[in-house]
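J.: just need the structure, nothing else, for what follows:
(6 chains)
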There are 4 protein chains.
Amino acid sequence: MHDIKPSSHAAKRSTSGRGGYDPELTRQNILAIATKEFAEKGYSGARVDEIAAQTNTSKRMIYYYFEDKEGLFVAVLEDAYRRIRQIEATLDLGGLEPEAAIRALVGFTFDYQNSNEDFIRLVMVENIHQGVHLARSRAIQELNVSVINTLRGIYERGVKDGIFRKGIDEIDLHMTISALCFFNVSNRATFSQIFKRDMASADMLAKRRETVIDTVIRYLKK
Amino acid sequence: MHDIKPSSHAAKRSTSGRGGYDPELTRQNILAIATKEFAEKGYSGARVDEIAAQTNTSKRMIYYYFEDKEGLFVAVLEDAYRRIRQIEATLDLGGLEPEAAIRALVGFTFDYQNSNEDFIRLVMVENIHQGVHLARSRAIQELNVSVINTLRGIYERGVKDGIFRKGIDEIDLHMTISALCFFNVSNRATFSQIFKRDMASADMLAKRRETVIDTVIRYLKK
Amino acid sequence: MHDIKPSSHAAKRSTSGRGGYDPELTRQNILAIATKEFAEKGYSGARVDEIAAQTNTSKRMIYYYFEDKEGLFVAVLEDAYRRIRQIEATLDLGGLEPEAAIRALVGFTFDYQNSNEDFIRLVMVENIHQGVHLARSRAIQELNVSVINTLRGIYERGVKDGIFRKGIDEIDLHMTISALCFFNVSNRATFSQIFKRDMASADMLAKRRETVIDTVIRYLKK
Amino acid sequence: MHDIKPSSHAAKRSTSGRGGYDPELTRQNILAIATKEFAEKGYSGARVDEIAAQTNTSKRMIYYYFEDKEGLFVAVLEDAYRRIRQIEATLDLGGLEPEAAIRALVGFTFDYQNSNEDFIRLVMVENIHQGVHLARSRAIQELNVSVINTLRGIYERGVKDGIFRKGIDEIDLHMTISALCFFNVSNRATFSQIFKRDMASADMLAKRRETVIDTVIRYLKK
DNA sequence: TATGAATGAGGTTTCATTCAT
DNA sequence: CATGAATGAAACCTCATTCAT
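T.: Next up is the predicted model:
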């Protein structure tokens, strides 16, 4: 699971022994820094100069590899989506009972999103920009959203077992799960302030995690 | 309910006798345009020049009334929060049975958020900026979040009536409602693209509205 | 005739007595410098920074008045064409015999082009760019090319008087005149080098002027 | 006559035995592409990167063969001048009567310039740059301008035959011919737009060709 | 109160050129 | 000979903000 941190590759050296060029390394290094900056400051707020300054390379290389700021942002988005899709694809909940499987799946989603704030924030940023970069990215359009299949498999087993209600749409269900997990990270700043409650504390997180799982289960069960 | 559109007052002249300028009108006009711009392009993406150009007045006035871009954004946020708090405060669900009251409350929340995309987007923008402007605004800090009291009233009646479970925290409940309603608007762009499903269509909205209400009710009931 | 030098306005102060703002003055000042730079170095070779540096104002103002480098170039072109068209329009050759009138017109054209190298060079630059800026300029498209009417008037008188041949097209004639006058300035650098003859010397200019006039007259006469 | 197109050799392999690289071929390939780019966009407007991209080889080779951008441009100019001088040298008009010879020579010049727009444009570009590259090129300085001798020969025959006037300078005559032919290509873009007449149409070209020849003949004849 | 003009700092991007392999 | 990666300087342009009237 060490693959999911954006900076994971940047630290390693490639196979070429010496300290010379390594395009992939350079690319990854830029991407890692850019991910952080775009997530922190939004698309317009992020500065190519600042990204470059934190990089092992120069501003010029950003344009060499990514064409322009927008190209860089698209690459960052692609990278972030690719990572989560990869992880989702490796989730194996086949051995669990339907209810336990849903609990595991929702719990995992909650945890992943909670510990990958950058990803959540990039998605927010992209939504602020009406999804134009996503639309432009062929790579993202082609990513298979395997979690829907996983969800369908579990749900159907649950229905057959007689513990889940019939007639629920998987995408709708996925949306409920996403909404509950996403909001906890995305709206942390405003919600915490307005309700004077630190939503990022371990205590609150644990409680909220239970509520989310519970909410989904109650929605599914007869 | 036409009061909630930010631009509602901007076109009319105020009651001030002289044919001259009306400061409050000017302020409202600027706010209305700025709301649209910040909601559409984010804080950094919005341009003071563009806001001024769409205004009935000049750029100088923006600085005169709001000090700087940040001051303008804070005012926009305050205005947006004030509007929703005002509306929430007028909600009178006392005459309804607890379940019906929750259904009405959730339905209202869903509808309000759905038809006030600008508000949702401003909240997203503020979260991208870690809530710093909210923190700076005394006005927002002092706004009473009456919906929590409303919610508590209904919930307690429901518990007393024996139809709702005990032990549920109102803020946690409010968060569930918010999350489910908010996501539908905030993540529309990316979700629609990834799942090839137009989340803004009347059909989808009606279905989703039902799911959201249903989810909350099932979470509450014994 | 002091109006034709691009810098002629820049030196004077406008009517507003004090040293304050004068947009038209600023515009003219920028245009004058830009004319010189574009004429000297071509479109791509000219530097906005260098133009700004020679100006009484700043680079920012160039963008304020002319939008971008291209807008500045279009304005420069428009200005240059407007000047020559204005002068052509004031030419009054009605009192002269047809042959004398043609001699005066060609002589004037030769002299004007020779002493307005900037204009010639701007036209060269625009031709290198396939005339795209000209095409974009509504102002230039609408300039009336009065010289054609002047030419027609003289030519028709000459035909009636029996000294000019019939069947000559005025635009074709104008083209001959232009070509002969233009080349002398436009190709001075390469021609002088290749033929080891200084085409800008007073002696050469006088001789060439005679040749050009003579060539046109011989072409026209029976 | 297919030799005059700059790209004619570029596609073929040279005679050098091995299957490997052919320096002369590479050079020619680069020159052909560079000619097109410089002619199309001017010196500053042309991009070394774009030239390299269209080449069969890489950017490094441009620097290897031509030192820098300026060296490349000088080589392009030299190549273009060498081609036209070569062709002029092969013109054999000895068998023709003086007037016919002049007609042939002017017609040829008109046609050559018309179908070698790249050459015309390179000369324009060089003139915009005040001929500095030409001055730097020893090769061009040493090229013999045989057309002057050709012209002198014909002219003197014409004078002896009593059909041409005395006292005409060959270089001046050459300049008239050049001006009339050159302008038709060099100023096509602006002239066509201003006079709403397509100077590149077959019809216009034919008429203009006649005018040019006629103009020169009338200038020469008694 | 209102406005068009002005500004400096800094933003994104491009360019000719060179390096490492 | 050949190439993809790298670079620093400088190009064009934009932004929030202030000034002069």
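J.: C-alpha from now on. contacts and neighbour counts both.
T.: Fine.
J.: can you list the low-confidence ranges for chain A?
T.: A:1-21 (pLDDT under 70).
J.: need the helices for it, in chain order.
T.: Assigned by DSSP state H, the helices in chain A fall at A:8-11, A:23-45, A:48-54, A:59-66, A:69-90, A:98-115, A:117-128, A:132-136, A:138-142, A:146-160, A:170-186, A:188-194, A:202-220.
J.: got the contact list for A:Ser137?
T.: A:Val74, A:Glu78 (CA atoms under 8 Å, 6 or more residues apart in numbering or on different chains).
J.: next one: A:Arg218 from chain B, what distance?
T.: 6 Å (CA to the nearest CA, to the nearest Å).
J.: that should have said A:Ala101, apologies.
T.: In terms of CA to the nearest CA, A:Ala101 sits 19 Å off from chain B.
J.: mind checking how far that residue is from A:Phe110?
T.: 14 Å (CA to CA, to the nearest Å).
J.: so the two - more neighbours on which side?
T.: For A:Ala101 versus A:Phe110, neighbours defined as other CA atoms under 10 Å in any protein chain shown are more numerous around A:Phe110 (25 against 20).
J.: now the more buried one, nearest residue through space, not along the chain?
T.: Setting aside the residues directly before and after it, A:Phe110 is nearest to A:Cys181 in space (CA to CA, 6 or more residues apart in numbering or on different chains), at 5.0 Å.
J.: can I get the helices of chain A in a markdown table including distance to DNA strand E?
T.: Output for these, formatted as a markdown table (distance: least, CA to the nearest atom of the strand, whole Å):
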| stretch | distance to DNA strand E |
| --- | --- |
| helix A:8-11 | 18 |
| helix A:23-45 | 6 |
| helix A:48-54 | 4 |
| helix A:59-66 | 5 |
| helix A:69-90 | 4 |
| helix A:98-115 | 27 |
| helix A:117-128 | 15 |
| helix A:132-136 | 14 |
| helix A:138-142 | 20 |
| helix A:146-160 | 34 |
| helix A:170-186 | 24 |
| helix A:188-194 | 25 |
| helix A:202-220 | 35 |
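J.: count the residues that sit near the residue in chain A positioned nearest to chain D.
T.: Nearest to chain D, among the residues of chain A, is A:Tyr64, at 12.4 Å (CA to the nearest CA). By the criterion of other CA under 10 Å, A:Tyr64 has 11 neighbours.
J.: from A:Gly158, how far out is the closest residue to A:Val147 other than its chain neighbours?
T.: Distances taken as CA to CA, 6+ apart place A:Glu88 nearest to A:Val147, at 6.0 Å, with adjacent residues excluded. If you measure A:Glu88 against A:Gly158 using CA to CA, the figure is 20 Å.
J.: mind checking which of those two has more residues around it?
T.: For A:Glu88 and A:Gly158, the more surrounded residue by other CA under 10 Å is A:Gly158, and the numbers stand at 21 against 18.
J.: for that one, which residues are in contact?
T.: By CA under 8 Å, 6+ apart, A:Gly158 lies in contact with A:Pro98, A:Glu99, A:Phe164.
J.: state the distance from it to A:Val147.
T.: Look at A:Gly158 and A:Val147: by CA to CA, they are 16 Å apart.
J.: likewise A:Gly45?
T.: For A:Gly45 relative to A:Val147 (CA to CA), the value is 32 Å.
J.: and the residue nearest to A:Phe110, how many residues sit next to it?
T.: 28.
J.: wouldn't the residue nearest to A:Val147 be in contact with A:Ser146 here?
T.: Yes. At 6.9 Å, A:Glu88 counts as touching A:Ser146 under the criterion of CA atoms under 8 Å.
J.: number of residues surrounding the residue lying closest to A:Arg188 once chain neighbours are set aside?
T.: Excluding its sequence neighbours, the residue lying closest to A:Arg188 (CA to CA, 6+ apart) is A:Met199, at 6.1 Å. A:Met199 has 20 neighbours, counted by other CA under 10 Å.
J.: count the residues that sit near the closest residue to A:Val123 other than its chain neighbours.
T.: Nearest non-adjacent residue to A:Val123, counting by CA to CA, 6+ apart: B:Thr190, 7.4 Å away. Applying other CA under 10 Å, we find 22 other residues in the vicinity of B:Thr190.
J.: same check, this time on A:Thr150
T.: A:Thr150: 20 surrounding residues under other CA under 10 Å.
J.: and what of A:Ala80?
T.: Residue neighbour count, defined by other CA under 10 Å, stands at 23 for A:Ala80.
J.: give the contact list for the closest residue to it other than its chain neighbours.
T.: For A:Ala80, ignoring the flanking residues on the chain, the nearest one in space by CA to CA, 6+ apart is A:Phe119 at 6.1 Å. By CA under 8 Å, 6+ apart, A:Phe119 lies in contact with A:Ala39, A:Ala80, A:Tyr81, A:Gln113.
J.: and what of A:Arg157?
T.: A:Arg157 touches A:Pro98, counting by CA under 8 Å, 6+ apart.
J.: now it: how far from A:Glu99?
T.: For A:Arg157, the distance to A:Glu99 equals 10 Å [CA to CA].
J.: same question for A:Arg27.
T.: From A:Arg27 over to A:Glu99 (counting by CA to CA), the distance is 42 Å.
J.: show me how far stretch A:189-206 is from its chain's centre.
T.: With CA atoms, centre = their mean, to the nearest Å as the basis, stretch A:189-206 stands 21 Å off its chain's centre.
J.: straight-line length of that stretch, end to end?
T.: 18 Å.
J.: mind listing what's buried in it?
T.: Within stretch A:189-206, the residues scored as buried using 16 or more other CA atoms under 10 Å in any protein chain shown are A:Ala189, A:Thr190, A:Phe191, A:Gln193, A:Ile194, A:Met199, A:Leu205.
J.: can you name the residues in contact with it?
T.: By CA under 8 Å, 6+ apart, stretch A:189-206 touches A:Asn184, A:Arg188, B:Val123, B:Glu126, B:Asn127, B:Gln130, B:Gly131, B:Leu134, B:Ala135, B:Gln141, B:Ile171.
J.: no further questions, thank you.
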